[in-house]
Each structure stands twice: as structure tokens, then as C-alpha cells.
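Novice: next one to model:
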Amino acid sequence: QVQLVESGGGLVQVGGSLRLSCTTSGRTFRLYNMGWFRQAPGNERTFVAAISRGGDSTYVADSMKGRFKISRDEVRRTVYLQMNSLKPEDTAVYYCATSEIFGRTRVADFGSWGQGTQVTVSS
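Specialist: Model prediction:
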């Protein structure tokens, strides 16, 4: 079993940047593909980005391509989400999660989840 803790959320103005972190403990981090999702109030949890074991492959949802970047640090057992040019519609709780198979984007394809970190973009 793996435990995940997100951090780095906060209040930022339109056009600003944030870097979210997801630190893991427990089972070996390198075994997992990792992903980020987000959920705005009243909405479903949706896919943001994913990174493969070892970090060779990444995938970002179309609406966030060019603004968001996912990366991982094997030594720190941490996955990051760099978010630039933030918009009010990026306001949500952001979650990280583990996946056995890279390239999946459904919530059901991800196993362990963190508790989330709130991102609020003010206009």
C-alpha cells in the first residue's frame, strides 16, 4: 500500500503559477505510474496529467497542455504538477493518485489517492 500527501495549493491571481507536490510513502514509488486529477465544487473529478514509471512518458489533458507540466523525483518519492498561466476555471481541489497502467484517464483506473490540495485562482 502507498500513502500520498499533496501540498502546494493556495490562492493565486489570474496568470500566476503554482507548483503542487505529492509525496509518497509506503510501497516503492518507482513501481507506480502517477496522475493528477482535479475536482471543482459540484463537478466530477477529472483527469489533469499523468507520468509513467521512471518519468519517460507524460500526458496532459488537452485543455491544460502548454500550461501544466508533470514531473517526478524518484529520490524524493514525489510527483509535481507545475501550473502556469492559471485561470479562474482552474480553481479546484487537486488530487494525486497511483495507477498500474500508464495512459489511463478515468478515476476508476487509479488506485490510491491523496486527500487533495485546494487551488483557488482569483480574477
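
Novice: contacts made by stretch 52-67 with the rest, please.
Specialist: For stretch 52-67, contacts defined as C-beta atoms under 8 Å, 6 or more residues apart in numbering pick out 30-33, 46-51, 68-72, 74, 83-86, 102-103, 105. The C-beta positions use only the backbone N, C-alpha and C, and glycine is treated the same way.

Novice: report the distance from it to the chain centre.
Specialist: Stretch 52-67 has its C-alpha centroid displaced from the chain centroid by 10 Å (C-alpha atoms, centre = their mean, to the nearest Å).

Novice: per-residue pLDDT of the residue nearest to residue 86 when sequence neighbours are not counted, please?
Specialist: Excluding the flanking residues, the one nearest residue 86 by C-beta to C-beta, 6 or more residues apart in numbering is residue 121, at 4.6 Å. pLDDT for residue 121: 98.

Novice: how far away from the center of its chain is whichever strand or helix holds residue 121?
Specialist: Using DSSP states H and E, residue 121 sits in strand 117-122. Its chain's C-alpha centre and that of strand 117-122 lie 13 Å apart, by C-alpha atoms, centre = their mean.

Novice: sheet partners, orientation included, of that strand?
Specialist: As defined by DSSP bridges, the strand partners of strand 117-122 come to strand 10-13 (parallel), strand 92-99 (antiparallel).

Novice: please name the bridge partners of residue 33.
Specialist: Beta-bridge partners, per DSSP bridges, of residue 33: residue 99.

Novice: ok, it touching residue 99?
Specialist: Yes. With contact defined as C-beta atoms under 8 Å, residue 33 reaches residue 99; the gap is 4.5 Å.

Novice: shared neighbours of these two, anything?
Specialist: residue 50.

Novice: neighbour count winner among these two?
Specialist: Higher neighbour count among residue 33 and residue 99: residue 33, with 24 against 21, using other C-beta atoms under 10 Å.

Novice: distance check, the more buried one against residue 100.
Specialist: Distance of residue 33 to residue 100, given as C-beta to C-beta, to the nearest Å: 7 Å.

Novice: tell me which residue is most central in this protein.
Specialist: In the chain, the centroid-proximal residue (C-alpha atoms, centre = their mean) is residue 36; its distance is 2.5 Å.

Novice: if anything else comes up later, I'll come back, but that's it for now.
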